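1. Sequence plus the predicted model coming up.
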Amino acid sequence: MHTLRQVLLGVLLLPAAGMAQDRDLVITGGWLFAATGNERVQNPGILIRGGKILRIGGDLSGAVSDAERVTLSGQETLIPGLFDLHAHYAIDLYGGGRIDDTAAYPALFLANGVTSTFPAGEMQPEAMRALRLRIENGAQPGPRIYNTGPYYGTARPGWPRDITREQLYAEVDHWVEQGARGFKAKGITPQHLRWLIERAHFHGVTVTGHLESGFRNSVNPRDAILMGIDRIEHFLGGDAITGDRGAYASLERLDVSTPEFKRIAELFITHRTNYDATLSAYGYYGKRDPEVFTYFTDEKRFLTPYMRSVIDARAPRNVNQQFESIYWVKRKEIKAFYDAGGGDLITLGTDHPSWGEFFSPFSVHRELHSFVLSGLPPAAALRIATINGARALGVGDRLGTIEVGKWADLVVLRANPLADIRATRDPRLVVKAGRVYDPAALLKSVEGKLGPASVAEAGQWGSR
Ligand SMILES: [Zn+2]
């Protein structure tokens, strides 16, 4: 009989999630950004065996004779696979409630170079767990999924506000047994958050939170950090976010030159708390900064023809002025946090449950672009999207950089991302656990698959 901890350790010690490649893979030519530093160097040659990086540089002639070979040319650049730590598979095509899409999103994430995802609160945790198992068994292509289980707090439909400590512990135990690798709090009270952190840490998994100001028995990120929370979503919190009003009302006016900002940045850095910035999610609700919100591919082609006709007939969404202001505040905030020394704590999260436009798997590139437009160096943005994400999930020793011994999750870009971060869009190849995927084929495979196929099917999608 295994204890829960042993079960969890078993999960952690499994080889690369998903089907590892049997044949050796040799990648030569072009350039390498390993995310171990800020430089791009000429690719010294990489040998991958059993899904792991066996050798970088030197003599690669030990590769088996029928090894698969990938040759990079010109400015093509190999980077580690990308991490989205707020990767909702959720879409809300009718404004009638979110549904996790397990059909098209996995292929869309992978095709965009995203090899690891943390869904940050699952609407249908059983379906998301089943998706992870299908991906791990090789039945469906997709990124690694670090399941979160359901939301903890009022973001969960039917959240029991009077949940006891024993009940909450039992829930956490259950979801850890089901393979959850982190938890997401949203709309949680201080007491419930304390219990959640306690029990999650007992199992060695992390907790992140979409928190508030402290208003109406909510939790300010400042207090959550003191409770030991591992990661914070959306905004830093602190004394500039006062408990007499909602967090967004203060965030809208946040001045990053104040002592309050300095104090909260220092608190994150002292406690090594991760900050998932989700810049573009706010931009989406605002005026959609035209530099960031372009369509670099026709994303709507992934909708079913029926769904596409519904969305095309819809009036454009209203601009949320508060979120527009917050987007620009957050652009300054992320630079100030980086300058304060928080660069290795920032993670990339797309958030944004789509209403049929600007899908999250593509918004990974919008988020990267937003970091650079905010003033972060492209190399820092790439490290945020790779090694920082891996460390935040507790897998920094196995993923996040291109180093010997690590799992071979890699992306081949067509150009130099340090010269223009937009080079992350449209990768030529994606490698997960040493297996090579063709993004064009992945995209093609899910065209017309997103959303209900007919008005009859739409009922279960929360249609109004
Ligand atoms: Zn979210």
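-> Cool, got the structure. Numbers count the residues shown, from 1 in each chain.

2. what number of residues lie near the closest residue in space to residue 264 that isn't next to it in sequence?
-> The shortest distance from residue 264 to any non-neighbouring residue, by Cβ to Cβ, 6 or more residues apart in numbering, is to residue 238 (2.8 Å). To be clear about C-beta, it is placed using only N, CA and C from the backbone, and glycine gets the same treatment. Using other Cβ atoms under 10 Å, residue 238 has 25 other residues around it.

3. now residue 384
-> Look at residue 384: counted by other Cβ under 10 Å, it has 30 neighbours.

4. same deal with residue 279?
-> 29.

5. pretty sure it contacts residue 327?
-> Yes - the criterion here is Cβ atoms under 8 Å, and residue 279 meets it with residue 327 at 6.7 Å.

6. helix or strand for residue 412, which one?
-> For residue 412, the element it lies in under DSSP states H and E is strand 410-413.

7. what helices or strands is that strand leaning on?
-> strand 25-32, strand 68-80, strand 429-432 (3 or more Cβ pairs under 8 Å, 6 or more residues apart in numbering; DSSP states H and E).

8. Quick one: closest of those to residue 172.
-> strand 429-432 (28.9 Å; Cβ to Cβ).

9. thinking again about what came up before, now the residue nearest to residue 264, what's its secondary structure?
-> Each residue gets one of three states, and residue 238 gets coil by DSSP: H, G, I helix; E, B strand; the rest coil.

10. Contacts only, for it.
-> Taking Cβ atoms under 8 Å, 6 or more residues apart in numbering, we find residue 238 in contact with 220, 221, 222, 260, 261, 263, 264, 267.

11. Just among those, which is most surrounded?
-> Result: residue 221 is most packed of those (other Cβ under 10 Å), 29 neighbours.

12. So what touches the strand holding residue 412?
-> By Cβ under 8 Å, 6+ apart, strand 410-413 touches 27, 30, 70, 72, 76-82, 113, 115, 402, 423-424, 427-431.

13. switch to 7 Å and redo it
-> 72, 76-82, 113, 402, 423-424, 427-431 (Cβ atoms under 7 Å, 6 or more residues apart in numbering).

14. what's the pLDDT at residue 463?
-> Per-residue pLDDT puts residue 463 at 47.

15. Find the nearest non-adjacent residue to residue 175, please.
-> In space, residue 175 is closest to residue 149, 3.6 Å off (Cβ to Cβ, 6+ apart).

16. So for the one you found, what pLDDT did the model give?
-> 97.

17. which ones are touching it?
-> Contacts of residue 149 by Cβ under 7 Å, 6+ apart are 122, 125, 175, 180, 183.

18. Regarding the last one, what is its secondary structure?
-> Under the three-state scheme (three-state DSSP), the conformation of residue 183 reads as strand.

19. In contact with it: list those residues for me.
-> Residue 183 neighbours (Cβ under 7 Å, 6+ apart): 148, 149, 152, 172, 196, 200, 205, 207.

20. starting at the chain centroid, how far to the strand holding residue 412?
-> 17 Å (Cα atoms, centre = their mean, to the nearest Å).

21. before we move on, what about stretch 285-305?
-> With Cα atoms, centre = their mean, you get 18 Å for stretch 285-305.

22. and the end-to-end length of that stretch?
-> 25 Å (Cα to Cα, to the nearest Å).

23. residues of that stretch that come out buried?
-> 285, 286, 288, 289, 292, 293, 299, 300, 302, 303, 304 (16 or more other Cβ atoms under 10 Å).

24. wouldn't the second one be in contact with residue 322 here?
-> When you say that, I think you mean residue 286. No - between residue 286 and residue 322 no contact is recorded; they are 8.3 Å apart, counting by Cβ atoms under 7 Å.

25. can you list the weak-confidence ranges in the protein?
-> Along the chain, segments meeting pLDDT under 70 span 1-21, 460-464.

26. Quick check: longest helix in the protein by residues?
-> helix 321-337 (DSSP state H).

27. Could you measure from the spatially most central residue of the chain over to residue 392?
-> Central residue of the chain (Cα atoms, centre = their mean): residue 84, 1.6 Å from the mean position. Distance of residue 84 to residue 392, computed by Cβ to Cβ, to the nearest Å: 11 Å.

28. Understood, closing this out.
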